[in-house]
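**Student:** fold the following.
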Amino acid sequence: MEKDKLRNIRYVKVPEGMNVRTDSFTLDPSIMLPVQLMPGSTRLRKEDITIESIMAGMLFVIAYDEASENFQYYRELVKAIDPTIAERLNEAAIAKEKQKNYDFAEELFLAVYHLLPQSASCINLATLYSYMAVDARDKRKDEEEDEYLAKARHTLLDGLRRFGEDERILAELSSFEAYMGNLEDAKDYLERYMSVAVEGEKKQEMKKLLSRITFQLENDEDIKAAYDFMMLGEPEKTIEITNGFVKKNPKVWNGYFLRAWALRKEGRYEEAKNDLMKCLELGEASSDIYNELSICELECGSRELAKTYLETAADLDPDNLTVASNLSYLYLGDNQFDEAREYLEKARFLSGDDKIVKELIAEYEKATGEKIGEMIHEEIVHNEEEDDDAYQEEIAEIMNTGDHEGCHHHHHHGEEE
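**Tutor:** Prediction:
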């Protein structure tokens, strides 16, 4: 509980004439209701007690005082008064976040998360804390930055506690820990993510992140430096470093692979092939090695051997989008349409939104006259609106859009994100 934030809350008896009843909720006159004081006021006036000020008070308690003995009651009462309140507050929170009105956005996102706990509302809140940490860092407020980073982590861990092995929360946690430099933790969350995530573009991205983190954890400083130069587009420096590494470590495959990758980038395909074959001799057989061999053979004019190597890569790593799209490209180029379609279907399943995959599908459809149907994606869309600045005005605006007194509601909430 954040006591300072609750200092403007007062408690009142249920106002005369207030009557809220639904199939699952009945008003309890013995429970005092929280009211938020008007800005600048220290005393509660009779005219300040309205349905809007009571809603604002309850939402404030829901946001900042989950330990309140009447937390669940206020939660049910708010939803009985307006079953769509969580979605509306979420829209307002997104708008406030965009305006960098972070304190207000926090209040709204917390209310949404506690009203309607879901992985989406958990991630929205954690993301806000990350933005707040960046803002604090820009203002050179180190303690605040640390505080908001801790809140972001705490929120995501709370989400795991509430929702179990949720793939989106695990993805956020792994990215967060990688950003913080905690690579062992990031790897742990990524491995847990891989075991529950559905196929798609996101999983392919996270797979690459896991590969990079694993590489960093398993290799020495020379190899890390060589890899970094490849990422920076400087293969000649990678070759220089790996020459020294291979000389000192002739039985370690990593050096040969990185040097082969760099040599291939430099157009030195025969030398690259020799290093890649050395990796295989040393007992390392991965889809990356066979994919690189395929590229080298293709550049050297051995198209069939290139396809054979890619088939081996696909067997070793069936969920590799790069391999599937490369194979479909080669088969399409050779008018082997049945094989092309097989790998196009695979590539589309792995990442239907990938630009290259879409272009290959279009090429296939043009060449064959056959249609490869569209993937169906479910999307959750923000409906962002501008909102008033004051919290009570926000609630009043929401409340005034519909009749709320004595209504019988039978709505189900959808997921907000």
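
**Student:** tell me the spacing between the residue sitting nearest the centre point of the chain and residue 86.
**Tutor:** What sits nearest the mean C-alpha location of the chain, by CA atoms, centre = their mean, is residue 172, with 4.9 Å. Computed with CB to CB, to the nearest Å, the distance linking residue 172 and residue 86 is 20 Å. No exception for glycine: its C-beta is placed from N, CA and C like everyone else's.

**Student:** check residue 45 too.
**Tutor:** Distance from residue 45 to residue 86, counting by CB to CB: 30 Å.

**Student:** of these two, which one has the most company?
**Tutor:** residue 86 (23 against 9; other CB atoms under 10 Å).

**Student:** could you give the mean pLDDT of the one helix or strand that one maps to?
**Tutor:** Here residue 86, judged by DSSP states H and E, is contained in helix 85-98. Averaging pLDDT along helix 85-98 gives 92.

**Student:** and if you look at stretch 39-53?
**Tutor:** So the average pLDDT for stretch 39-53 ends up being 77.

**Student:** which parts of it are buried?
**Tutor:** By neighbour count on 16 or more other CB atoms under 10 Å, the buried set for stretch 39-53 is 44, 48, 49, 51, 52, 53.

**Student:** can you get me the start-to-end distance on it?
**Tutor:** Stretch 39-53 has an end-to-end distance of 12 Å (CA to CA, to the nearest Å).

**Student:** from the chain's centre, how far out does that stretch sit?
**Tutor:** Centre-to-centre, stretch 39-53 and its host chain are 40 Å apart (CA atoms, centre = their mean, to the nearest Å).

**Student:** and the pLDDT for residue 393?
**Tutor:** 64.

**Student:** export the top helix by length along the chain as CSV, just CAs?
**Tutor:** Assignment by DSSP state H gives helix 142-163 as the longest helix of the chain. What follows is helix 142-163, C-alpha atoms only, in CSV (Å, rounded to 0.1, in the frame of the first residue of the first chain):
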residue,chain,number,x,y,z
ASP,A,142,19.5,7.3,-10.7
GLU,A,143,17.5,6.3,-7.7
GLU,A,144,14.2,6.8,-9.5
GLU,A,145,15.5,4.8,-12.5
ASP,A,146,16.4,1.9,-10.2
GLU,A,147,13.0,2.1,-8.5
TYR,A,148,11.1,2.0,-11.8
LEU,A,149,13.2,-0.9,-13.1
ALA,A,150,12.5,-2.8,-9.9
LYS,A,151,8.8,-2.1,-10.3
ALA,A,152,8.9,-3.3,-13.9
ARG,A,153,10.5,-6.6,-12.9
HIS,A,154,8.2,-7.0,-9.9
THR,A,155,5.1,-6.5,-12.1
LEU,A,156,6.2,-9.1,-14.6
LEU,A,157,7.1,-11.6,-11.8
ASP,A,158,3.7,-10.9,-10.2
GLY,A,159,2.2,-11.7,-13.6
LEU,A,160,3.9,-15.1,-13.7
ARG,A,161,2.6,-15.8,-10.2
ARG,A,162,-0.9,-15.0,-11.3
PHE,A,163,-1.0,-16.5,-14.7
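
**Student:** could you number the chain from 617 rather than 1 from now on?
**Tutor:** Done: numbering now begins at 617, and the last item shifts to helix 758-779.

**Student:** packing partners of the very next helix or strand once past that helix?
**Tutor:** Going down the chain from helix 758-779, the next helix or strand is helix 783-796, by DSSP H and E. Judged by 3 or more CB pairs under 8 Å, 6 or more residues apart in numbering; DSSP states H and E, helix 783-796 is in contact with helix 735-754, helix 758-779, helix 799-812, helix 817-834.

**Student:** buried set for the helix holding residue 702?
**Tutor:** 701-713.

**Student:** shaky segments in the chain?
**Tutor:** 617-620, 633, 639, 656, 968, 989-1033 (pLDDT under 70).

**Student:** circling back: wait, the residue nearest to the centre of the chain touches residue 772, no?
**Tutor:** Yes. Judged on CB atoms under 8 Å, residue 788 makes contact with residue 772 at a distance of 5.6 Å.

**Student:** overlap in contacts, those two.
**Tutor:** Both residue 788 and residue 772 are in contact with 739, 742, where contact means CB atoms under 8 Å, 6 or more residues apart in numbering.

**Student:** before we move on, the earlier item: please name whichever of the helices and strands packed on helix 783-796 is nearest to residue 622.
**Tutor:** Taking CB to CB, helix 758-779 is the member of the helices and strands packed on helix 783-796 nearest to residue 622, at 17.8 Å.

**Student:** give me the phi and psi for residue 935.
**Tutor:** Backbone geometry at residue 935, expressed as degrees, to the nearest 10, gives phi -100, psi 20.

**Student:** same check on residue 642?
**Tutor:** The phi/psi pair for residue 642 (degrees, to the nearest 10) is phi -130, psi 130.

**Student:** OK, contacts around it?
**Tutor:** For residue 642, no contacting residues are found, by CB under 8 Å, 6+ apart.

**Student:** how much space between it and residue 943?
**Tutor:** Residue 642 sits 64 Å away from residue 943, going by CB to CB.

**Student:** and for residue 915?
**Tutor:** In terms of CB to CB, residue 915 sits 16 Å off from residue 943.

**Student:** which one's more surrounded, those two?
**Tutor:** Remark: of residue 915 and residue 943, residue 943 carries more neighbours, 26 against 15, as counted by other CB under 10 Å.
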